[in-house]
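Enquirer: Please work out how this folds:
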Amino acid sequence: MDRFQAMKVFMGVAEASSFTRAADNLSLPRATVTTTIQGLENLLKVRLLNRTTRSVSLTADGAAYYERCVRIIKELEETEAAFQDAARRPQGRLRVDVVGPIGRHILIPRLCQFHERYPDVELVIGMGDRPVDLVQEAVDCVIRAGELADSTLVARRIGSLSFVTCGAPAYLARYGEPRTLEDLQHHHAVHYFSSVTGRNFDWDFVVDGVSVPVRMNGRVAVNDADAYNACGLQGFGLIQPPRFMALPYLDTGELKEILPAWKSPPLPMSVLYPQNRHLSPKVRAFADWVAELFSQCPLLNGSDGEGVTAGECRYPARPSSYTVREMLEHENQLAGLG
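Expert: You can find the predicted model right below:
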């Protein structure tokens, strides 16, 4: 006896409450349906169905068996579908949302590589740090930083960001270089504020294995990572950017690392997508590609990036004379406005 076929026949009879209707739905002779159910009951040694001249209904054992059949058949079909999807070439429109710095510095410079590998995928990339409702906004996946609390999404960890505390030589020459965390109370910082709450983010350092927040004084606040870097380069205050963004300026001496004995805790990076049993080939392809990009750079793959130079990550550096004006012009070019 074909067990899976027998399960499908039994489910058909249970759902139709009729041998005749089940036979029609399954395109099988009625005699075959009857024989299959009898054989299944003989095999299990229980009665699955109550039969009368007017109706067919499940017994208590039949109801329990039906529930298990539904789960087994569904898992089998999903397993087969997963392998069939994997065999298909990724294609179609893929909408992703990513935090700006990762989009501009990591993804955009490598889009040709993705297109060459997956020419049938049309990428639509949104960049920002606001919360995104993937279902309502028809977004396939997002890349986000930090610990993730939304249990309705699947999170695939792809790496982490390390941070560096630094300042422009002109600022340090004017105000002195802090030697301890307590010295920071006498210094100014460029603030980065949340686009969601409008509040400034505190700095934090790992002290004896514990993350300790430090509230800084400041005279300017921004909510864009490139503008944050630009303000630090111009000496508005100390900054604590991702190391991969600061590295080109650390290499040229336009920024200097301070307080190297105290590190800011790394920030995990993840690709998030809805909880679907079938992960579409295009989403899987994009997640694999992004994970590959992060793995290629020690500043993004979970290590602290200590001693790494800009050339080792093979990502384009910003011009050394980067100013706020150039930053705005660059944003316009990305948006197709300039």
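Enquirer: residue boundaries of the strands in the stretch 51-200 of the chain?
Expert: Secondary structure of the stretch 51-200 of the chain (DSSP state E, counting those that start in this stretch): strands located at 56-58, 92-98, 121-127, 141-145, 153-161, 166-167, 188-192.
Enquirer: Just want the most central residue of the protein.
Expert: residue 271 (1.2 Å; C-alpha atoms, centre = their mean).
Enquirer: Wasn't that residue part of a helix?
Expert: No - assessed with DSSP: H, G, I helix; E, B strand; the rest coil, residue 271 is strand; it does not lie in a helix.
Enquirer: That one bridge partners, please.
Expert: For residue 271, the beta-bridge partners under DSSP bridges are residue 143, residue 156.
Enquirer: Span of stretch 46-57 from start to end?
Expert: 14 Å (C-alpha to C-alpha, to the nearest Å).
Enquirer: pLDDT of that stretch, averaged?
Expert: What stretch 46-57 shows for mean pLDDT is 89.
Enquirer: likewise stretch 77-93?
Expert: On average, stretch 77-93 scores 73.
Enquirer: Equivalent analysis for stretch 214-223, please.
Expert: On average, stretch 214-223 scores 93.
Enquirer: ok, and what's touching that stretch?
Expert: By C-beta atoms under 8 Å, 6 or more residues apart in numbering, the list of residues contacting stretch 214-223 from outside reads 129, 181, 184-185, 187-195, 200, 202-205, 228, 231, 236-238. Any C-beta I mention is one placed from the backbone N, CA and C, and that applies to glycine too.
Enquirer: got it, and stretch 115-128?
Expert: Against stretch 115-128 from outside (C-beta under 8 Å, 6+ apart): 89-100, 103-104, 107-108, 111, 114, 132, 139, 195, 282, 285-286, 289.
Enquirer: of these, buried ones?
Expert: 90, 94-100, 103-104, 107, 114, 132, 139, 282, 285-286, 289 (16 or more other C-beta atoms under 10 Å).
Enquirer: circling back: among the contacts of stretch 115-128, name the ones in helices.
Expert: Judged by DSSP state H, the subset of the contacts of stretch 115-128 located in helices is 100, 111, 114, 282, 285, 286, 289.
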